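# make a model of this:
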Amino acid sequence: MTNHQTNRRVLVVEDDDGFRELLRDELDERGFDVEAADSIAGALPLSEREPPAVIVSDLQLPNGTGLELFERLRDDELIQPAFVLITAFGSISQAVEALKLGVDDFLTKPVDFSELTLRLERLLEVRQLRAELHRQRESRADGDYHQMVGRSRAMQELYARIDRIAESDAAVIISGESGTGKELAARALHAESPRSDGPFVPVNCAGIQESLLESEFFGHTEGAFTGADQPREGLFQEADGGTILLDEFTELPVSLQAKLLRALQENEVRPVGSNRAQPVDVRVMAATNRDLEDDGPGESVREDFYYRLSTFALEVPPLRERSEDIVRLASYFLEQSETAARSGIDGMTERALDCLSSYDFPGNVRELENILERAVVFCDGEVIERSDLPSECRQQQQPQRPGGADPAAADTLLPVKSDDGELVTMDALKRRYIHHVLEETDDNKSRAADILNIGRRTLYRYIDSE
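Model prediction:
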């Protein structure tokens, strides 16, 4: 693979022979590794063989425009080559159009080579930063982002937001439906913060007896109440130097919310039975499955307490809004399952995966994990079949597949035989599926490439080869 930190390869696309050679010579003398082409057709195989760091292209080309070349070569926005257009017919309108489409820079002839060199160096610096971010996101896409699995746009946006607010010590409200993974998001935020070496203390606010809440949070002295035979630190003292997560904080009594608010404002707690406050250094996160953004604090949450907690907000998306992560999550849970390993189960059939992908998962990721645990128990073979899945998953109305086939009866997503009854090749089957995805995404090639887990250039190659 190309090393983006040292890649100084520049692809020059210019139909004027003299100017093309001049560009090649000038950039070569300035330390760039230069290749050149005279057309879109000539540029495509060069870019496929070894992706350039920067493309410098004339706007007017024999078989198209530089903007068309830019569209063809653009891949993932984090790793696409930087793109510079050069033209003798420059205008403000052309520059604005090119920049709006994502072109990095725009120059007019005659070209000042010192200025071009300066701009290319700047673009290479930006590319190096993009490459580092891409490597981080690739790691996350493999399920390595603090045990959070998902490469969907929704999850990538969540990871990026965690990165942005991790450095702050301000309170955070994490919202999301039950089973979406709010605690995992909180743990990721703690792990990315300067407090990562400190403790992370999750608290189920709905699971503590109300009469013991104050003692649980702030601790107590010996003899503070019946049964207090010795002094005890509270959860805030336990979390000192780290993070405390108040899970389902809306279940806390209003009276305790007032005391928690004071602890947050003063950075100190007073144990039950004590006349002296103790300083604590704790970042507070609060989680809820309520939609507070639309509903507001409500009667069960003090407004001042709510607004003190909501300096930052994270929303963990439900699984139905990131259905492209379902197959990856299913594979992850099976790999992590000790029961599956003991049973010799190493995968799922296409029909089973298709069934999961069509299910709404009202219980979100937690429900998916539970479904797979049950499927492992009922599975008699080495792979999980559709029949091993629970009835609520199998009976849900599913979208009609190509050819009008009933998904409950179909063996495959797409027909594997041609009209004359012959089995089709793997390449033909791939093309059928690519066309199916393009139809489902209304010919949105970026979206289709993301679902197919291939680059836009690979997608174009399949389309053009027909």
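# ramachandran angles for Thr65?
Backbone torsions of Thr65, given as degrees, to the nearest 10, read phi -120, psi 160.
# now do the strands in the stretch 1-150 of the chain.
For the stretch 1-150 of the chain, applying DSSP state E, counting those that start in this stretch gives strands covering 9-13, 33-37, 54-58, 60-61, 64-65, 82-87, 105-108.
# those: which one's closest to Ser446?
Between Ser446 and the strands of the stretch 1-150 of the chain, the shortest gap by CB to CB is with strand 82-87, which sits at 16.3 Å. To be clear about C-beta, it is placed using only N, CA and C from the backbone, and glycine gets the same treatment.
# so for the protein, the centremost residue is which one?
Nearest to the mean C-alpha position of the chain, by CA atoms, centre = their mean, lies Gln156 at 1.8 Å.
# measure it to Glu382 for me?
According to CB to CB, to the nearest Å, Gln156 stands 34 Å off from Glu382.
# same question for Val56.
Counting by CB to CB, the gap from Val56 to Glu382 is 54 Å.
# same thing with Glu115?
Glu115 sits 64 Å away from Glu382, going by CB to CB.
# now do Phe361
Taking CB to CB as the measure, Phe361 falls 25 Å from Glu382.
# between the two, which one's more packed in?
Phe361 (22 against 10; other CB atoms under 10 Å).
# quick one, phi/psi of the closest residue to the more buried one other than its chain neighbours?
Nearest residue to Phe361, sequence neighbours excluded (CB to CB, 6 or more residues apart in numbering): Leu319, at 4.4 Å. Dihedral angles phi and psi of Leu319 (degrees, to the nearest 10) take the values phi -70, psi -30.
# one more: Gly219?
Dihedral pair for Gly219: phi 80, psi 180, per degrees, to the nearest 10.
# from Ser323, how far out is the nearest residue to it once chain neighbours are set aside?
Residue nearest to Gly219 in three dimensions, not counting chain neighbours: Gly234, with 3.5 Å by CB to CB, 6+ apart. Gly234 sits 42 Å away from Ser323, taking CB to CB as the criterion.
# neighbour count: these two, which is higher?
It is Gly234, of Gly234 and Ser323, that has more neighbours when counted by other CB under 10 Å, with 21 against 17.
# residue contacts, the more buried one?
Taking CB atoms under 8 Å, 6 or more residues apart in numbering, we find Gly234 in contact with Ser215, Glu216, Phe217, Phe218, Gly219, His220, Val269, Pro271.
# and if you look at Ala166?
Listed by CB under 8 Å, 6+ apart, the contact partners of Ala166 are Leu189, Glu192, Ser193.
# burial measure for the last one, as a count.
Other residues lying near Ser193 total 20 when counted by other CB under 10 Å.
# and it, how far is that from Ala171?
13 Å.
# between those two, which contacts overlap?
Contact with both Ser193 and Ala171 is made by residues Arg283, according to CB under 8 Å, 6+ apart.
# now the element after the one helix or strand in the chain whose mean pLDDT sits lowest, going C-ward?
Lowest by mean pLDDT, DSSP states H and E among the helices and strands of the chain is helix 292-295, with a mean of 64. Per DSSP states H and E, the first helix or strand lying C-terminal to helix 292-295 is helix 303-309.
# could you pull out the helices for the stretch 51-200 of the chain?
Taking DSSP state H, counting those that start in this stretch as the test, the helices found in the stretch 51-200 of the chain are 66-73, 92-100, 113-139, 153-165, 182-192.
# my error: substitute the stretch 251-400 of the chain in the last question.
Ranges of helices in the stretch 251-400 of the chain, per DSSP H, counting those that start in this stretch, are 254-266, 292-295, 303-309, 326-336, 338-343, 350-357, 364-378, 391-394.
# roughly how far is stretch 255-273 from the heart of the chain?
37 Å (CA atoms, centre = their mean, to the nearest Å).
# stretch 288-306 too?
Centre to centre, stretch against its chain (CA atoms, centre = their mean), the figure for stretch 288-306 is 27 Å.
# now it: buried residues?
Neighbour counts using 16 or more other CB atoms under 10 Å place Thr288, Asn289, Arg290, Leu292, Pro297, Val301, Arg302, Phe305, Tyr306 of stretch 288-306 among the buried residues.
# please parse the protein into its domains.
With automatic domain parsing as the criterion, the domains of the chain are listed as 9-135, 153-317, 319-411, 414-466.
# check the ones you listed for me: which has the lowest mean pLDDT.
Sorting the domains of the chain by mean pLDDT places domain 414-466 lowest, at a mean of 73.
# re the thing from before, and of the strands of the stretch 1-150 of the chain, who's closest to Thr311?
Evaluated with CB to CB, those place strand 82-87 nearest to Thr311, the distance being 36.8 Å.
# helices or strands up against that closest one?
With contacts taken as 3 or more CB pairs under 8 Å, 6 or more residues apart in numbering; DSSP states H and E, strand 82-87 sits against strand 54-58, helix 66-73, strand 105-108, helix 113-139.
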